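Student: The following block contains a protein sequence and its predicted model.
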Amino acid sequence: MAKPRDVQGLRCEDPFVTVAAQVVSVRADELLEHSEGVLDTTDIERLHDMRVATRRLRAAMEVFEPCFPRKRFRAALREVKAIADVLGERRDRDVSIIALERFVAALAAADRRGVAAMVDKLRKEQSLANERLVPFVDRRRLRDLRDGIEELVAVADRRSA
């Protein structure tokens, strides 16, 4: 799992709103960074890293909610949640496939067919989940989300000045 990036320059005496702007900005950058390659079902860790990045961003946004304009904040948070949900759909299939593939290796040959059929079904579901994921990981959409979050951060920065 990708480690969270440090938020540079934070000080205990910084105003809450200043910290909010810095933390949320870094977490939004991480989300965009981890979007590379998430549709590749042969490297499921990329998707996992992006999903973790959405959870970190969401948590930071929720902690610092009072620092941001309500209407724009809620819209950005809804988008982060939507991305997390669709990533979760795909991740569930990824994890199940891995578990069943490990399990089937320990089975007698006669029992493998049934589990293999389950894996095939999950691969189809994984493919459908991946198709649903495509619009959510579109670079333009993610940049628009990032830009919207940067606008929230700019408002928070102005409030702290």
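Tutor: On my side now, so go ahead.
Student: and Ala129, how many neighbours does it have?
Tutor: 21 (other C-beta atoms under 10 Å). To be clear about C-beta, it is placed using only N, CA and C from the backbone, and glycine gets the same treatment.
Student: In terms of secondary structure, what does the strand or helix carrying it contact?
Tutor: Assigned by DSSP states H and E, Ala129 belongs to helix 109-133. Contact partners of helix 109-133 among helices and strands, from 3 or more C-beta pairs under 8 Å, 6 or more residues apart in numbering; DSSP states H and E: helix 70-105.
Student: ok now the helix it packs on, how far from the chain's centre?
Tutor: Centroid displacement of helix 70-105 relative to its chain, using C-alpha atoms, centre = their mean, to the nearest Å, is 7 Å.
Student: Just the buried positions in it, please.
Tutor: Buried residues in helix 70-105, counted by 16 or more other C-beta atoms under 10 Å: 73, 76-77, 79-80, 83-84, 86-87, 90-91, 93-94, 96-97, 104.
Student: for stretch 104-117, same thing?
Tutor: Going by neighbour count (16+ other C-beta under 10 Å), the buried part of stretch 104-117 is Val104.
Student: Can I get it in CSV? Just the C-alpha atoms.
Tutor: Taking C-alpha atoms only, stretch 104-117 is exported to CSV below (Å, rounded to 0.1, in the frame of the first residue of the first chain):
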residue,chain,number,x,y,z
VAL,A,104,-8.4,-23.7,-5.6
ALA,A,105,-4.7,-24.5,-5.6
ALA,A,106,-5.2,-26.6,-2.4
LEU,A,107,-8.2,-28.5,-3.8
ALA,A,108,-8.3,-31.9,-5.4
ALA,A,109,-8.6,-31.8,-9.1
ALA,A,110,-12.2,-32.9,-9.0
ASP,A,111,-13.2,-30.0,-6.8
ARG,A,112,-11.4,-27.3,-8.8
ARG,A,113,-14.0,-27.0,-11.6
GLY,A,114,-16.6,-25.5,-9.3
VAL,A,115,-14.3,-23.0,-7.9
ALA,A,116,-12.9,-22.2,-11.3
ALA,A,117,-16.4,-21.5,-12.5
